[in-house]
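# Build me a model:
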Amino acid sequence: MTSTFTPSFTRRLVVKGMMAGALLAAAVSLPAQASVDVNGYKFEDTAKVAGKDLKLNGAGMRTKLIIKVYAAGLYLPEKKSAVADILKQEGPRRVTLQMARDISSEDFGKAFMDGLNENVDKAEKQKIVAQIGKMGEIFASVDGLKKGDVLHLDWIPGTGTQAELNGKKIGDAIPDVNFYNAILRIWLGDKPVDKSLKPALLGEAK
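Below is the predicted model of the structure:
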């Protein structure tokens with residue numbers, strides 16, 4: 001039987017086959033963007049802060065009684081499971097909050113201060129009182145947080161603590177790494193706001 005395929009047609013088939021194979025190989029070689037799911041809120045495995053790639057140390061849900069308040073993720077230059085190592089780690093750091101419910105700026109500010117008061121002693125708090133006041137002004141400038149809002153609290157070396165809401169910076173950067181470490185203790189201190197969230201952020205939750 002004589003073939004009905006012309007040489008040009010055969011060449012086109014070969015070229016198409018080679019292109020399909022190349023595309024498939026490229027797709028297979030591309031690394032998948034991994035993420036962690038916390039009750040439907042996703043946290044990417046990496047985040048870029050101040051030009052540096054940070055790793056997701058851990059993520060979990062903040063609940064009050066049985067109400068989901070927000071999902072939280074902690075990003076660090078290197079993963080750490082000890083609070084002391086996290087507090088002294090150099091380079092940028094990030095806490096990301098993804099809101100699971102609406103909360104007023106007054107209630108959020110109160111929760112922030114309650115967390116500080118529980119985990120920072122009076123002498124240490126006196127040293128950062130000015131920074132606490134500036135953070136209070138930032139909270140007051142926001143008309144509450146809505147479900148689905150994303151709040152970043154970043155430590156940027158040489159700049160300070162920078163808050164960012166839904167991709168936009170809010171307020172000026174607040175200097176002093178001791179202030180940022182005080183913020184971290186809200187979730188990682190001896191009396192964290194949520195006892196189940198702390199081990200999740202430390203990467204210890206199963």
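
# Now the residue nearest the centre of the chain. Nearest residue, chain neighbours left out?
The centroid of the chain falls nearest to residue 96 when counting by Cα atoms, centre = their mean (3.2 Å). Ranked by Cβ to Cβ, 6 or more residues apart in numbering and with sequence neighbours excluded, the top spatial neighbour of residue 96 is residue 73, at 4.5 Å. (Each C-beta comes from the backbone N, C-alpha and C, glycine too.)

# which residues are in contact with the helix or strand harbouring that neighbour?
Here residue 73 is covered by strand 67-76, with elements defined by DSSP states H and E. Residues lying outside strand 67-76 but in contact with it, judged by Cβ atoms under 8 Å, 6 or more residues apart in numbering, are 36, 38-39, 41, 43, 46-47, 49, 54-63, 86, 89, 93-101, 103, 184, 187, 197, 200-201.

# now, which of these lie within strands?
Judged by DSSP state E, these include 36, 38, 41, 43, 46-47, 49, 54-63, 93-99 as members of strands.

# Show me just the buried residues among those.
Judged by neighbour count, with 16 or more other Cβ atoms under 10 Å as the criterion, the buried members of the ones in strands among the contacts of strand 67-76 are 36, 38, 41, 43, 47, 49, 54, 56-62, 93-99.

# Run the chain-centre distance for stretch 76-96.
12 Å (Cα atoms, centre = their mean, to the nearest Å).

# What residues of it count as buried?
The neighbour-count check on stretch 76-96 (16+ other Cβ under 10 Å) flags 76-77, 79-80, 83, 86-87, 89, 92-96 as buried.

# ok, those residues vs residue 111, which is closest?
residue 95 (13.8 Å; Cβ to Cβ).

# and the gap between the closest one and residue 122?
Counting by Cβ to Cβ, to the nearest Å, the gap from residue 95 to residue 122 is 24 Å.

# what do you get for residue 139?
Counting by Cβ to Cβ, the gap between residue 139 and residue 122 amounts to 22 Å.

# what do you get for residue 171?
According to Cβ to Cβ, residue 171 stands 25 Å off from residue 122.

# which one of those two has more residues nearby?
When neighbours are counted by other Cβ atoms under 10 Å, residue 171 comes out ahead of the other of residue 171 and residue 122, with 18 against 7.

# in which helix or strand would I find that one?
strand 168-174.

# Going by neighbour count, list what's buried in that strand.
Using 16+ other Cβ under 10 Å as the test for burial, strand 168-174 gives 171, 174.
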